[in-house]
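**Student:** Predicted model and sequence below, questions to follow.
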Number of protein chains: 2
Amino acid sequence: MKKTFAGLSALVLAGAVASTTFAQDDRAIKAAVDARQAHMKLYAFNIGLLGGMAKGDIDYDAKTASAAAGNLAALAKVDQSRYWPEGSSTLELGSDETEALPDIWDEGSDIGAKAMDLVEATTAMEAAAGDGLDALRGAIGPVGSSCGDCHKAYRQSDE
Amino acid sequence: MKKTFAGLSALVLAGAVASTTFAQDDRAIKAAVDARQAHMKLYAFNIGLLGGMAKGDIDYDAKTASAAAGNLAALAKVDQSRYWPEGSSTLELGSDETEALPDIWDEGSDIGAKAMDLVEATTAMEAAAGDGLDALRGAIGPVGSSCGDCHKAYRQSDE
C-alpha cells in the first residue's frame, strides 16, 4: 500500500491521460470522488454488521460475520490510487463535495501507512470473525481505530 | 457464488435480526440498496479505465491496467448476499430507488450463475490486463457481456 500511495502522482497522470480539456478533468475528478465515497460506503456496510454483532445489537452468526470480514479485508486491499487525484480535496471542491483534507497530498503525508494499518486490522478481523463473538470483539477495536485515525488526520471535522 | 446466492434467504434473515420494527427494516433495505449501487459504481470506475484503454481513448499502461483488473476481480468475488434482501426490487421501492427487477428473487433465477460468469471474466481480465493492449482487448468482451447479460435479465430497461 505504501508503494501504491507513493506512486500516486504517476498513476494519477496515467489515469488522467484522456483528460485533455478542463471539462474532462472535472469529470475525472468527480468520478474519482464518487468512487472513493462508494468505497467508504462499502466499508461502512460491512463494519456496520460486525459492529452490530460486537455490541450485541445483531445476533452473532459465524458465517455472516466471516463474509463481512472477508469483504472488508478484500476492500482494504483494493488499489485505491485512482480515487485520489490531486485537486480533489475540500480546498478545490468545497466541503459539500468532499471532506478530504489537502494534507492527504502533502509531503510527509502518512496516508499510505494508515491504509496499511487498515489492511492489517481487517486481515486480523478476517481471521477472527468466524471464531466466535469474543474473537470478533477482540478484532474490532483495531479496525475502528484505523478508520478513526485516518479520518481524524485527513477528513474535515464536522464541528 | 452460487452458494452465496442460494443462501440468500438465510443470510438476509441473519442480517435482518436487528430489524424488529418496520422503520428498521426500511433502513436496512435502504442501506442494502445503497451498498449494491456503490459496488456497481466501483465496477464502472475500473471497467471505465480498461474500456478506455481498449478503445484507445486512454494510453495503455500495464501497471494501471493490472491494478484496475485486479480490483475488478476482487470486487466480483466480494460476498454480495447482503446487498439483495427480499423486498428491495423496483416493485416494492419504485424505479426511482432501484432498477432491480423482482425476477432476481424468483425461483429459477440464475443470478448466481451470472455472478459466477463475472468472477470468471474478471479473473481472466486480471491475468491478461498487464500483458499488453491486445491481451486486454481480448479479455474485455467477456467482461462486458457478463455485465450486459445480467443487466438485460435483471435490471429494468430505461426504454
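**Tutor:** Received the coordinates, thanks.

**Student:** contacts, neighbours, all on C-alpha from now
**Tutor:** Fine.

**Student:** how about the nearest residue to the one residue in chain A that gets nearest to chain B, chain neighbours excluded?
**Tutor:** Residue nearest to chain B within chain A: residue A:38 (4.6 Å; CA to the nearest CA). Excluding the flanking residues, the one nearest residue A:38 by CA to CA, 6 or more residues apart in numbering or on different chains is residue B:38, at 4.6 Å.

**Student:** now the one you found: how far from residue B:80?
**Tutor:** Noted for residue B:38: a distance of 12 Å to residue B:80, by CA to CA, to the nearest Å.

**Student:** Now do the lengthiest helix in chain A: distance to the chain's middle.
**Tutor:** In chain A, with assignment by DSSP state H, the single longest helix is helix A:22-55. Relative to its chain's centre, helix A:22-55 lies at 7 Å (CA atoms, centre = their mean, to the nearest Å).

**Student:** helices and strands around the helix or strand following that helix, which ones?
**Tutor:** With elements assigned by DSSP states H and E, the helix or strand that comes after helix A:22-55 is helix A:62-77. Counting contacts by 3 or more CA pairs under 8 Å, 6 or more residues apart in numbering or on different chains; DSSP states H and E, helix A:62-77 is packed against helix A:22-55, helix A:111-128, helix B:8-15, helix B:62-77.

**Student:** quick one: helix A:62-77 to chain centroid distance?
**Tutor:** 14 Å.

**Student:** Same check on stretch A:135-142?
**Tutor:** 18 Å.

**Student:** Grab the CA positions of that stretch and hand them over as CSV.
**Tutor:** The C-alpha coordinates for stretch A:135-142 follow below in CSV (Å, rounded to 0.1, in the frame of the first residue of the first chain):
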residue,chain,number,x,y,z
ALA,A,135,-12.8,-13.2,18.8
LEU,A,136,-14.8,-10.8,16.7
ARG,A,137,-14.9,-8.3,19.6
GLY,A,138,-11.2,-8.6,20.1
ALA,A,139,-10.6,-7.7,16.5
ILE,A,140,-12.9,-4.8,16.1
GLY,A,141,-11.0,-2.3,18.2
PRO,A,142,-8.1,-2.0,15.7
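
**Student:** got the contact list for it?
**Tutor:** By CA atoms under 8 Å, 6 or more residues apart in numbering or on different chains, the surrounding residues in contact with stretch A:135-142 are A:50, A:51, A:54, A:121, A:124, A:125, A:128, A:129, A:130.

**Student:** Go through it and flag the buried ones.
**Tutor:** A:136, A:137, A:139, A:140, A:142 (16 or more other CA atoms under 10 Å in any protein chain shown).

**Student:** Can you lay out those as CSV showing secondary structure and pLDDT?
**Tutor:** Output for these, formatted as CSV (DSSP: H, G, I helix; E, B strand; the rest coil; pLDDT from 0 to 100):
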residue, secondary structure, pLDDT
A:136, helix, 98
A:137, helix, 98
A:139, helix, 98
A:140, helix, 98
A:142, helix, 97
